[in-house]
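Colleague: What follows is a protein structure lacking sequence information:
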């Protein structure tokens, strides 16, 4: 059978070394199997059946640089983009990029091939692209009408016909010596060419929201955003196989984002022969895009090819070197400068070295004296504290004898003794929050009958039907909360009361009956496509759902909630916000469980190796969540995560002091589950320490997941099952449910999102504007 030639280069028009093009420019009809998530099965297959293309282009950058005048180049240097003037023109063979993507686990941001591992980090993104990066989330929208009007005006400048072509952006930069206007166009061009290129030759005008103030560019988390977008495309790339693992018959399939970055990082980890004049030498200086050449790429592709595999695009022949020997090492060895000293100068240096030794002896003695003073002061302070506590208990002892056991009572005179006890309350006020109907000691009603009931808290706060997944006995850890108006000791007593509440275990399955309004909504907006064949997302499409600044267009909503489809991460983050809005606010009732769900982007960062985790990258979102929801009063914290193409959810169980892992397909191996839970516990603790909440932390929490909870019998419901687990898990047991329940819950979740009180969009009218 004759082989059909395939383009092996990107949309970059720079020439490729001839021997690389000859060797890797053919398509093999031998496809591989789909790689499963790390911890399940490692794929050793190839990706010859793909024909992807991308818009990453250093050629555009080099052409732009040649057209800039001296004033414009000065603007670039002033704003920290002088490195752009030195970007090299290169392209990486598509087959090589595809092979790296095939062996990348997007849920873990990790390349995995045999025993080789690369943990992709935001710092690597900065060292490849040279871009600045901060802590604030990249803005793609705004609730400020003035900002929206300003961005709309700028969009009109970049628009030509019905699109926003890159050539129009280049035209606006030509001979433009206005600093702010030029830099805005340049940054938009940079985003659309190498940072987050689109599928088409257009500028990504939604990023104008992050370019309102040019000086704020470096404050946004560009590195984290780019890495998230790249992993999203890797996930989409790996989805181009059917459920048997065979490649789909797709040609000229365009991908988004900075995909060559993965191949560049992989190349830098290879332990290649260097230092021999007969062997090609690479310059590993950063930014990598300024020092990578076509000859470098040809050399690496040639030397790392596994010619014995039988595939045209099978690499991985060379071993990896330690990260400390790569451009991505966080520790830069200092330069050792050999200085030749004059003999007289050397004599003086030796003299002062001896004097410094004498100084050290004096300092050591002073330090001992200071520590002795500290110890005496500490002892005196502790004794004063003990005296105050004796006085407090002697004055309040009489009143404590008349109080019901388990309820802390402190007399007013005792509170006045020390202001540090002002958070202790006399009694738990039953009117702080209205009691959620029902009790864990008896089943609740689970039939949805009207619209108002759909707006009440989820069934998270009730356990209905049989409980099939129960936790083994765990150590009793107190939560360590210190919520506003409730002291730490009171919270511990409330937590113990919740743990003691027992659950009745009926024999039947949990049922979910939907009202006619829910069924009608799903039929009208999901089962029947309201846009016909026009369900295709585009940047100018209005939001169909807008919750706390997170948006879903109608195509995104439709593709996530229609039957037999996987849930997108954008749909999950919107659901998490609605879930948090409906979750119980009552922290005093023994039957209630206050549950909080974090978004998948935040959760995905927490599974990183604690040694490589950057706590600062999660601090902003954690503070926002705490300000809105008061995390210290929560009993269960949920972290939905995508590993490969599969949704799992990790629960930080404050109520029982452990970690729970839910995997609806049972794909993740036990040792990997344990590792991921420990990573989340340690990393979340480090972020909480920065935010000054949960002082005790969760680093000692161990994985202790329920046994025998319901699993999915399909290949597309993992995201829906995660939603159900969050709904029905009470900290110890998981209510039993069947596939019919999951089908109905998909409908209910879609309805809840669309009709939520925090949805700022009138979904019933938005389709008329499309």
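Modeller: Great, that's in hand. Please read all numbers here as calculations on a predicted model, not as lab measurements. Residues are numbered from 1 along each chain as shown.

Colleague: Look at residue 370 and give its secondary structure.
Modeller: Taken by DSSP: H, G, I helix; E, B strand; the rest coil, the conformation at residue 370 corresponds to helix.

Colleague: What's the local residue count around it?
Modeller: Residue crowding around residue 370 was assessed by other C-beta atoms under 10 Å; the count is 10. Heads up, the C-betas are built off the backbone N, CA and C, glycines and all.

Colleague: so how far is residue 364 from it?
Modeller: Counting by C-beta to C-beta, to the nearest Å, the gap from residue 370 to residue 364 is 11 Å.

Colleague: between those two, what contacts are shared?
Modeller: In terms of C-beta atoms under 8 Å, 6 or more residues apart in numbering, residue 370 and residue 364 are not both contacted by any residue.

Colleague: Tell me who's in contact with the nearest residue to residue 719 once chain neighbours are set aside.
Modeller: Excluding its sequence neighbours, the residue lying closest to residue 719 (C-beta to C-beta, 6 or more residues apart in numbering) is residue 567, at 2.8 Å. Contacts for residue 567 (C-beta under 8 Å, 6+ apart) come out as 560, 561, 647, 718, 719, 720.

Colleague: so which strand or helix has the last one?
Modeller: Residue 720 belongs to helix 718-728 when elements are defined using DSSP states H and E.

Colleague: if we can go back for a sec, what's the pLDDT at the residue nearest to residue 719?
Modeller: You'll see residue 567 listed with a pLDDT of 89.

Colleague: so where does it fall, helix or strand?
Modeller: Going by DSSP H and E, residue 567 is not part of any helix or strand.

Colleague: and residue 614, how many neighbours?
Modeller: 19.

Colleague: quick one: contacts for it?
Modeller: 121, 122, 123.

Colleague: burial count for residue 369?
Modeller: 9.

Colleague: Now for the contacts of residue 614, which sits with the most neighbours around it?
Modeller: Highest neighbour count within these: residue 121, with 23 neighbours (other C-beta under 10 Å).

Colleague: Now for that residue: which residues touch it?
Modeller: For residue 121, the contacting residues are 109, 227, 328, 608, 612, 614, by C-beta under 8 Å, 6+ apart.

Colleague: hmm, back to that, of the contacts of residue 614, which belong to helices?
Modeller: Those of these mapping onto helices are 122, 123, per DSSP state H.

Colleague: Identify, from the contacts of residue 614, the entry nearest to residue 553.
Modeller: residue 122 (27.4 Å; C-beta to C-beta).

Colleague: Could you tell me the model confidence score at the closest one?
Modeller: At residue 122, pLDDT is 93.

Colleague: Tell me, please, where in the stretch 401-550 of the chain the pLDDT is lower than the cut-off.
Modeller: 401-509, 529-540 (pLDDT under 70).

Colleague: Swap in 90 and give it another go.
Modeller: By pLDDT under 90, the weakly predicted segments of the stretch 401-550 of the chain are 401-514, 516, 520-544, 548-550.

Colleague: And the strands in this protein, which stretches?
Modeller: 52-54, 104-105, 110-113, 116-119, 253-255, 467-470, 545-547, 550-552, 595-597, 636-643, 646-653, 658-662, 733-735 (DSSP state E).

Colleague: And the fifth one, what's buried?
Modeller: Judged by neighbour count (16 or more other C-beta atoms under 10 Å), strand 253-255 contains these buried residues: residue 255.

Colleague: for it, packing partners?
Modeller: Under the contact criterion of 3 or more C-beta pairs under 8 Å, 6 or more residues apart in numbering; DSSP states H and E, strand 253-255 touches strand 52-54, helix 222-238.

Colleague: Could you export these as TSV, including distance to residue 761?
Modeller: Listed next are the helices and strands packed on strand 253-255 as TSV, based on distance: least, C-beta to C-beta, whole Å:
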stretch	distance to residue 761
strand 52-54	33
helix 222-238	24
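
Colleague: Having no further points to raise, I will conclude here.
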